[in-house]
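Peer 1: Can you look at this prediction? I've put the sequence above it.
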Amino acid sequence: MSDLQATLTKEPNGSLTVTGYESLKYNFHYTSPVFDVANKKLAEIYEKWGRVLIVIDTIVHPIYQSTIETYFKHYGIPITWKVVAGGELNKTMDTMLEIVDAMDSFGIVRTEPTLVIGGGLVTDVAGYACASYRRTSNFIRIPTTLIGLIDASVSIKVAVNHRKLKNRLGAYHAPLHTFLDFSFLRTLPVGQIRNGFAELIKIASVGDKPVWELLVKHGKELVETGFGHKDGGESVKAPGLEVCHRGIETMLQLESPNLHEIGLDRVIAFGHTWSPTLELTPRIPLRHGHAITIDMAYSITLAHSRGLINDVQRDEWFHLISSVGLSMDHEAFDEQLIEAATEAIKKTRDGKQRFAVPDGEFGKCLFLNDVPLSELKSILKVHKDFVKSRYGSGDGLEAYVDAGDLGADPEKYAAKGQPKDTADSLKRNGIEGVKVKTAAVAAGAVPIDGTGHVVNGMTATRVAA
Ligand SMILES: NC(=O)c1ccc[n+]([C@@H]2O[C@H](COP(=O)([O-])OP(=O)(O)OC[C@H]3O[C@@H](n4cnc5c(N)ncnc54)[C@H](O)[C@@H]3O)[C@@H](O)[C@H]2O)c1
Ligand SMILES: [Zn+2]
């Protein structure tokens with residue numbers, strides 16, 4: 001929530017000037033399980049209103065419906081559900097307006113907070129509906145994915161996609177509260193945990209050494225057991241929580257002074273230089289986490305070749321990536337892509353490269369601005385040779401978007417609009433080659449929103465079609 005303070009000055013010539021500043025306050029509560037009737041905090045907020053409007057997606061709703069109903073029933077608070085379709089293809093103005101209509105029918109009072117439960121997708125779309133409704137209205141977020149818990153719900157950005165452009169319409173709109181409950185990871189598929197884990201590797205590599213050390217020690221178990229919340233994970237619950245708490249704090253420390261993303265040397269852009277283009281290039285897009293890990297892996301090779309990290313550090317980094325099943329290379333990650341993506345990202349970084357790399361040790365960050373194309377190309381060869389010699393193709397597990405990420409069957413969607421024989425002959429993980437890549441890059445596909453968070457699907461498949 002924000003509060004505006006302003007003064008009015010009348011100039012001698014009669015012109016009027018308003019000078020104001022906005023104070024912003026929003027908080028994060030670690031409450032687990034948030035829907036345990038013993039945890040009153042959330043219910044207390046809604047007791048005042050005697051009702052609650054909940055926005056949730058079609059996948060999360062059936063998993064948690066009865067738990068949530070039991071919770072609010074205990075406090076005598078009736079629920080009105082607004083269940084929306086998830087997936088990147090539904091991150092649209094239409095979905096946002098559907099939520100606005102639900103708020104209208106509910107007759108929400110402007111200060112009454114809509115409760116938004118789900119992954120980064122639903123919190124982004126519903127958050128934008130709340131930002132727009134009556135110019136601004138309140139909301140409370142409960143993230144249920146790892147990306148949501150440690151990334152999307154840490155920021156105050158909300159948005160929808162528009163045409164080919166990711167997060168093109170949006171706002172900076174802080175919720176009243178965010179409840180962080182890691183026990184939701186119990187039901188989150190491991191492929192999604194791995195996807196979010198990549199963002200933790202990012203933060204740790206260039207922003208938080210203790211987190212890096214915890215990831216090295218427990219990474220594989222953390223991913224496989226949903227940070228200790230799935231069966232057999234009890235022993236990593238505590239380090240898992242520490243990793244997440246520290247990761248969130250580091251994100252807030254790094255980004256809170258830059259809420260409106262004016263500063264361009266951003267530590268959290270590690271892994272987000274070439275990945276926006278790469279993520280979109282395969283016929284079926286890569287999951288965001290895999291694309292950023294390939295980008296980070298290449299950056300690590302670059303940092304190593306420049307003497308910023310030594311052999312032991314490089315090997316430790318790659319070992320962790322391999323042990324958790326994240327990708328470190330891709331056939332589409334080639335010289336042409338590097339060149340095009342470097343040009344594309346420079347446009348969003350004021351003409352500079354601003355390549356984030358670890359500086360001497362993990363947890364420290366350096367921005368490189370002097371890397372010639374010839375060096376980028378020679379490093380790419382070094383990178384590919386290194387990956388091949390140690391890890392084969394460098395492919396990760398479950399690296400491509402699925403129907404949950406996309407909101408449609410990726411195979412059918414990617415094939416739509418392509419000549420039947422071509423569509424049939426394309427391999428699941430193949431790429432269409434130069435044509436798609438050039439088109440993806442030219443289409444500005446690469447629709448970068450400052451965070452480097454780009455599509456999980458939409459643009460690439462449209463460009464490919
Ligand atoms: N606002 C920001 O700063 C910011 C930051 C990062 C990402 N994002 C946005 O977040 C979106 C991606 O978020 P995401 O990765 O959370 O994806 P998502 O919200 O699409 O969730 C991924 C899948 O997991 C399912 N799911 C969610 N919680 C579950 C649970 N507990 N158990 C079982 N299934 C569950 C969802 O239904 C979906 O199918 C993108 O649109 C991205 O742009 C925003
Ligand atoms: Zn990211």
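Peer 2: Yep, it's here. Residues are numbered from 1 along each chain as shown. Ligands and ions are numbered 1, 2, ... in the order given.
Peer 1: hey, where'd the helices end up in the stretch 101-250 of the chain?
Peer 2: 120-132, 146-150, 190-207, 209-224, 234-255 (DSSP state H, counting those that start in this stretch).
Peer 1: and those helices as TSV, adding distance to Ser32 and mean pLDDT?
Peer 2: Quick note: C-beta positions are derived from backbone N, CA and C, even for glycine. Below are those laid out as TSV (distance: least, Cβ to Cβ, whole Å; pLDDT from 0 to 100):
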stretch	distance to Ser32	mean pLDDT
helix 120-132	18	98
helix 146-150	11	98
helix 190-207	17	97
helix 209-224	16	98
helix 234-255	9	94
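Peer 1: Now do the closest residue to ligand 1 within the stretch 351-465 of the chain: how many residues are near it, please.
Peer 2: Closest contact between the stretch 351-465 of the chain and ligand 1, by Cβ to the nearest ligand atom, is at Gly404 (2.7 Å). Applying other Cβ atoms under 10 Å, we find 18 residues neighbouring Gly404.
Peer 1: Distance of the residue nearest to it when sequence neighbours are not counted relative to Arg390?
Peer 2: Once flanking residues are discounted, Gly404 sits nearest to Ile59: 6.0 Å by Cβ to Cβ, 6 or more residues apart in numbering. Applying Cβ to Cβ, to the nearest Å, the value for Ile59 to Arg390 is 37 Å.
Peer 1: Which one of the two is surrounded by more residues?
Peer 2: Ile59 (18 against 13).
Peer 1: which stretches of the stretch 351-465 of the chain form helices?
Peer 2: 373-391, 403-406, 410-415, 420-425, 434-442, 458-464.
Peer 1: And those, which one averages the lowest pLDDT?
Peer 2: Lowest mean pLDDT within those: helix 458-464, at a mean of 28.
Peer 1: Which residues of the protein lie near ligand 1?
Peer 2: 57, 59-60, 63, 86, 88, 91, 118-122, 124, 144-145, 147-148, 151-152, 155, 157, 167, 184, 187-188, 192, 404-405, 451, 453 (Cβ under 6 Å from any ligand atom).
Peer 1: so what's Thr348 scoring on pLDDT?
Peer 2: Reading off the model, Thr348 has pLDDT 86.
Peer 1: what about the chain, any weak spots by pLDDT?
Peer 2: 1-2, 416-465 (pLDDT under 70).
Peer 1: can you list the domains in it?
Peer 2: As recorded under automatic domain parsing, the domains making up the chain are 24-186, 266-464.
Peer 1: sorry, back to before: could you point out which of the helices of the stretch 101-250 of the chain sits nearest Phe386?
Peer 2: helix 190-207 (17.2 Å; Cβ to Cβ).
Peer 1: ok, the residue lying closest to Ile268 once chain neighbours are set aside - how many residues close by?
Peer 2: Spatial nearest neighbour of Ile268, excluding adjacent residues (Cβ to Cβ, 6+ apart): Leu254 at 6.0 Å. Leu254 has 18 neighbours, counted by other Cβ under 10 Å.
Peer 1: One more: the one 10 residues further on?
Peer 2: Leu264 is surrounded by 15 other residues when neighbours are defined as other Cβ under 10 Å.
Peer 1: Number of residues surrounding Val357?
Peer 2: Neighbours of Val357 using other Cβ under 10 Å come to 23.
Peer 1: With the one 4 residues further on instead?
Peer 2: Glu361 is surrounded by 12 other residues when neighbours are defined as other Cβ under 10 Å.
Peer 1: Just give the closest residue to it, not the sequence neighbours.
Peer 2: Nearest one to Glu361, counting by Cβ to Cβ, 6+ apart, is Lys209 at 6.6 Å.
Peer 1: Which residues are in contact with the one you found?
Peer 2: Neighbouring residues of Lys209 by Cβ atoms under 8 Å, 6 or more residues apart in numbering: Glu361, Phe362, Gly363, Lys364.
Peer 1: buried set for stretch 95-105?
Peer 2: For stretch 95-105, the buried set under the neighbour-count rule, 16 or more other Cβ atoms under 10 Å, comprises Thr95, Met96, Glu98, Ile99, Val100, Ala102, Met103.
Peer 1: how about a markdown table for those, with distance to Arg51 added?
Peer 2: Below are the buried residues of stretch 95-105 laid out as a markdown table (distance: Cβ to Cβ, whole Å):
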| residue | distance to Arg51 |
| --- | --- |
| Thr95 | 23 |
| Met96 | 22 |
| Glu98 | 20 |
| Ile99 | 17 |
| Val100 | 18 |
| Ala102 | 13 |
| Met103 | 13 |
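Peer 1: My guess is Val206 contacts Gly360. True?
Peer 2: No. Using Cβ atoms under 8 Å, Val206 is not in contact with Gly360; the gap is 11.3 Å.
Peer 1: Which one's more surrounded, the two?
Peer 2: More crowded of Val206 and Gly360, by other Cβ under 10 Å: Val206, with 29 against 13.
Peer 1: With ligand 1 as the reference, measure out to the more buried one.
Peer 2: 17 Å (Cβ to the nearest ligand atom, to the nearest Å).
Peer 1: Show me what the residue lying closest to that residue once chain neighbours are set aside is bridged to.
Peer 2: With sequence-adjacent residues excluded and distances taken as Cβ to Cβ, 6+ apart, Val206 is closest to Cys365, at 3.9 Å. Beta bridges link Cys365 to Pro358 when assigned by DSSP bridges.
Peer 1: Outside of stretch 318-335 itself, list whatever touches it.
Peer 2: 194, 197-198, 201, 215-216, 219-220, 223, 274, 278, 281-282, 286, 289-291, 293-294, 297-298, 300, 377, 380, 383-384, 386-388, 390-391, 393-399, 431, 437.
Peer 1: Can you list the buried residues in it?
Peer 2: 318, 320-322, 324-330, 332-334.
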